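>>> sequence unknown, structure follows:
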């Protein structure tokens, strides 16, 4: 419920951009990316009667797509018309106004208690981190502020979280899910799991109980929809132009370059890194490492390219950790676990045949997008220095080295604020933290 502060914090950043002579800022929406002519077509988002053209185009040398994603409604009837969302600053401002409207309507003379309860029933669809955090923030906002302004209806407020899975925060450690559910139970936040919403009207939300197959409708005052994201239309259109129409999300390589399009990069929720499979290059890797062209790869020869392999194919490191192996050379042991001094191409293929199973997609979080933005800006700032002195791993197909190191995400953990100055966190090293101290840890990481 802190959207006013969030909006205010944006203005100094924008003013700094405008004052910088090397940066220009326009408040507009990109409607289309014209890759053939290296242009973007834009439309002003200022909705008033001011004179001047509403549409304009911009040429680019390099384009960075960072438009995020839009809410995924799963084509559920009534969602777009009757639900609030949690994607933009304007969404938060609209939600706050609507919450106040619910309370104002509830205290009007002549309403029955049942009508008051309906107006003060706030439903959150989606038990992921965003939905859970919103439910917790809404509870605190009601208990700390609104009950003082509307004391006559303070006992009529109800908050419900609807989750299709068996638990909220089911992408976290089960200890965190359990703690969150217990915390919500103490706060009188109702959690309904195993429920799939099938429609939303202006007065009620209809859902199907998976366990019983029953359909029920519940009246509401306000519904917030937080069930995941999907690709924006402008990005879908762009994907169709570059041969990615069959993909669910825009694909980039490990340097955040959009596949199939020159000089275009993408980061954040709108894109995913299509990590190259090591088995696609296995013959080239073997040939590059086999310096004496003997047809056999020695341990020494492999060690000379291990660092490049680990950097170019991070799934190798993930696979080693999953198998509790300390080194790539451990993969070359024979079926009985004995060390081998050398291996042929077939043995090399067999040793790495399961590595690509550890290829992972990055989560659609601000933590990832922030690191990608910092990485890409560094690459752009260093592109002239690295043209003649490339700093990346060696090219196994071709000669030389890649110009830059590929992007590597560093995970700092997942946090879920639960209200009442409490939070839960799942941190690197399989460490779970829960309670008041975790909230202060969350502040130190995200609220700086």
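Cool, the structure landed. Since the model is a prediction, treat every value here as computed from it, not as a measurement.
>>> residues of stretch 340-356 that come out buried?
342, 343, 347, 348, 351, 352, 355, 356 (16 or more other Cβ atoms under 10 Å). Using the backbone N, CA and C atoms, a C-beta is placed for each residue, glycine as well.
>>> among the residues you listed, which ones are in strands?
342, 343 (DSSP state E).
>>> all strands of the stretch 101-250 of the chain, in order?
Assigned by DSSP state E, counting those that start in this stretch, the strands in the stretch 101-250 of the chain fall at 121-125, 158-163, 189-193, 195-200, 204-209, 215-219, 222-225, 229-230, 250-252.
>>> deepest of those strands, which one?
For these, the largest average neighbour count (mean count of other Cβ atoms under 10 Å) is found in strand 121-125, namely a mean of 25.
>>> now that strand, how far from the centre of its chain.
23 Å (Cα atoms, centre = their mean, to the nearest Å).
>>> stretch 420-436 too?
20 Å.
>>> same deal with stretch 398-417?
15 Å.
>>> for that stretch, buried residues please.
Taking 16+ other Cβ under 10 Å as the criterion, stretch 398-417 shows 401-407, 409, 413-417 as buried.
>>> same check on stretch 422-430?
In stretch 422-430, counting by 16+ other Cβ under 10 Å, buried: 422, 423, 424, 425, 426.
>>> just stretch 296-303 next, same as before
Neighbour counts over stretch 296-303 (16+ other Cβ under 10 Å) mark 296, 297, 298, 299, 301, 302 as buried.
>>> residue 185: which of the residues you listed is nearest?
residue 302 (55.3 Å; Cβ to Cβ).
>>> my guess is that closest one meets residue 291, correct?
No - at 10.8 Å, residue 302 and residue 291 do not qualify as touching, with contact defined as Cβ atoms under 8 Å.
>>> before we move on, back to that, mind putting the buried residues of stretch 422-430 in a markdown table, secondary structure and pLDDT included?
As requested, those are arranged in a markdown table below (DSSP: H, G, I helix; E, B strand; the rest coil; pLDDT from 0 to 100):
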| residue | secondary structure | pLDDT |
| --- | --- | --- |
| 422 | strand | 90 |
| 423 | strand | 87 |
| 424 | strand | 89 |
| 425 | strand | 88 |
| 426 | strand | 88 |
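>>> residues making contact with stretch 145-165?
99, 103, 106-107, 113, 116-117, 120-127, 131-132, 135, 138-139, 142, 168, 170, 184, 188-197, 205, 207, 210, 218, 227 (Cβ atoms under 8 Å, 6 or more residues apart in numbering).
>>> that one: how far from the chain's middle?
The answer for stretch 145-165 is 29 Å, by Cα atoms, centre = their mean.
>>> ok, now stretch 275-288?
The answer for stretch 275-288 is 29 Å, by Cα atoms, centre = their mean.
>>> let me see the mean pLDDT of that stretch.
Mean per-residue pLDDT for stretch 275-288: 96.
>>> list the buried residues in that stretch.
Buried, per 16+ other Cβ under 10 Å, within stretch 275-288: 275, 276, 278, 281, 282, 285, 286, 287, 288.
>>> nearest residue to residue 274 other than its sequence neighbours?
Among residues not flanking residue 274 along the chain, residue 251 sits closest, at 4.2 Å (Cβ to Cβ, 6 or more residues apart in numbering).
>>> test my guess that that neighbour contacts residue 272.
Yes - taking Cβ under 8 Å as the definition, residue 251 is a contact partner of residue 272 at 6.2 Å.
>>> could you point out which element follows the lowest-mean-pLDDT helix or strand in the chain?
The helix or strand of the chain with the lowest confidence, counting by mean pLDDT, DSSP states H and E, is helix 3-19 at a mean of 54. Counting by DSSP states H and E, the next helix or strand C-terminal to helix 3-19 is strand 28-34.
>>> for that following strand, which strands pair with it and how are they oriented?
Paired neighbours of strand 28-34 in the sheet (DSSP bridges): strand 39-44 (antiparallel).
>>> tell me how far the helix or strand following the strand it pairs with lies from the chain's centre.
Following strand 39-44 in sequence order, the next helix or strand is strand 55-59 (DSSP H and E). On the basis of Cα atoms, centre = their mean, strand 55-59 sits 29 Å off its chain's mean C-alpha point.
>>> pick out the residue closest to the middle of this protein.
residue 364 (1.2 Å; Cα atoms, centre = their mean).
>>> looks to me like it is in a helix.
No - assigned with DSSP: H, G, I helix; E, B strand; the rest coil, residue 364 falls outside any helix and is coil.
>>> can you list the weak-confidence ranges in the protein?
Within the chain, the segments meeting pLDDT under 70 span 1-20, 442-448.
>>> at which residues are the helices of it located?
3-19, 79-82, 89-106, 113-119, 129-141, 147-149, 174-186, 233-241, 282-289, 299-312, 315-322, 345-351, 366-388, 436-446 (DSSP state H).
>>> and the longest one, how far from the chain's centre?
To tie it back to what came earlier, the one meant is helix 366-388. For helix 366-388, the distance to the chain centre is 19 Å (Cα atoms, centre = their mean).
>>> what comes up buried for that helix?
Result for helix 366-388 [16+ other Cβ under 10 Å]: buried residues 367, 368, 369, 371, 372, 375, 376, 379, 386.
>>> just give me the neighbour total for the spatially closest residue to residue 153 that is not a sequence neighbour.
Leaving aside its sequence neighbours, residue 153 sits nearest to residue 106 (Cβ to Cβ, 6+ apart; 5.0 Å). By other Cβ atoms under 10 Å, the residues close to residue 106 number 21.
>>> contacts only, for residue 106.
115, 116, 119, 120, 150, 153, 156, 221.
>>> most neighbours among those residues, which one?
Top of these by neighbour count (other Cβ under 10 Å): residue 120, with 26 neighbours.
>>> from residue 101, how far off is that one?
11 Å (Cβ to Cβ, to the nearest Å).
>>> tell me which residues of stretch 318-327 come out buried.
Here stretch 318-327 shows 319, 320 as buried, counting by 16+ other Cβ under 10 Å.
>>> contacts for it next, please.
306, 328, 330, 331, 354, 355, 357, 358, 359, 360.
>>> just give the closest residue to the third one, not the sequence neighbours.
In space, not counting the residues next to it along the chain, residue 330 is nearest to residue 320; the distance is 7.4 Å by Cβ to Cβ, 6+ apart.
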